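[1] Below: sequence and its predicted model.
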Amino acid sequence: MVKEASKGTGRRSPRKTVDAGDTRGERLVLRVHSDLMEVLTERARERGITRSAYVEQLLIGWVRLDPRNRRLDMIGKYVPDAPDPRDPKRMSTFGYHERWRKFSLASRLLLGAPPPSDWLPDEADYEPEDEDPDVHRRPAEDDAPKSPFPRRR
């Protein structure tokens, strides 16, 4: 005979419900050299995450760095209210050019080549009235040198 205490109550343990849009439904499979796999495993362990999560963070970071891409959140999902990166008004801002400069530098460092520049707007599209006048100042070259000795009057 089964005791009353050992009978289940039929209730499930409370679990956090997951939004269907937050699940990762796609799979990416890569063939890599065993030495690369060893390095990825070591770096993932340093961060306390799985190798898969580490590689996912690397990929999301790279995609987020490229100003041509739509904005992604940290799980790789599009941010719904983010502006379109191809909007000409947005591409002509100083911020876009600064993001492109950083992406171009990262591309040169990581891939050994600059990214294609056909997405970068022409300088003619760049509106100088939107920029801060002090952004391109070079005090060492633009300002007159100051004397190291104070002037007497």
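    Looks like it arrived, so ask away.
[2] Would you check how far apart Ala53 and Leu40 are?
    Distance, Ala53 to Leu40, using Cβ to Cβ, to the nearest Å: 11 Å. C-beta here means a position set from N, CA and C on the backbone, and glycine is covered the same way.
[3] Please disregard the earlier target; I meant Pro88.
    Spatial separation of Pro88 from Leu40 under the definition Cβ to Cβ is 40 Å.
[4] the longest helix in the chain is where?
    Longest helix in the chain, counting residues (DSSP state H): helix 94-111.
[5] list the buried ones in it?
    Using 16 or more other Cβ atoms under 10 Å as the test for burial, helix 94-111 gives Tyr96, His97, Arg99, Trp100, Phe103, Ser104, Ser107.
[6] In TSV, list these along with pLDDT.
    Below are the buried residues of helix 94-111 laid out as TSV (pLDDT from 0 to 100):
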residue	pLDDT
Tyr96	78
His97	81
Arg99	85
Trp100	85
Phe103	89
Ser104	89
Ser107	90
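[7] Adding distance to Leu65, write those residues out as CSV.
    Rendered in CSV, the data for these read as follows (distance: Cβ to Cβ, whole Å):
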residue, distance to Leu65
Tyr96, 13
His97, 14
Arg99, 8
Trp100, 10
Phe103, 5
Ser104, 10
Ser107, 9
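[8] returning to what we had before: compare Ala53 and Leu40 (neighbour count), which wins?
    Neighbours around Ala53 and Leu40, counted as other Cβ atoms under 10 Å, are more numerous at Leu40. The numbers are 16 against 12.
[9] need the contact list for the nearest residue to that one once chain neighbours are set aside.
    Distances taken as Cβ to Cβ, 6 or more residues apart in numbering put Arg51 closest to Leu40, at 5.3 Å, once the chain neighbours are dropped. Each residue near Arg51 by Cβ atoms under 8 Å, 6 or more residues apart in numbering is listed here: Met37, Leu40, Thr41, Ala44.
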